[in-house]
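*Asks:* pasting the structure only:
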């Protein structure tokens, strides 16, 4: 993210904001899961 390379371990959680450019990928051969959560506030 933003030119940085990081490795996380199995079971870790990462957060990426909606406007952050990234190239997240699974570097292993075992499957991984990801979830997209959309938060919406009340409209005025």
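*Replies:* Perfect, thanks for sending it. Values in this document were obtained by computation on a predicted structure and should not be read as measured data.
*Asks:* which regions of the protein sit below the pLDDT cut-off?
*Replies:* Along the chain, segments meeting pLDDT under 70 span 1-2, 44.
*Asks:* now do the strands in it.
*Replies:* In the chain, no segments count as strands under DSSP state E.
*Asks:* could you pull out the helices for it?
*Replies:* Counting by DSSP state H, the chain forms no helices at all.
*Asks:* do you know how far residue 43 is from residue 12?
*Replies:* Separation of residue 43 from residue 12 (Cβ to Cβ, to the nearest Å): 35 Å. (Glycine included, C-beta is placed from N, CA and C.)
*Asks:* tell me which of those two has more neighbours.
*Replies:* Neighbours of residue 43 and residue 12, each counted by other Cβ atoms under 10 Å, are more numerous for residue 12; the result is 7 against 4.
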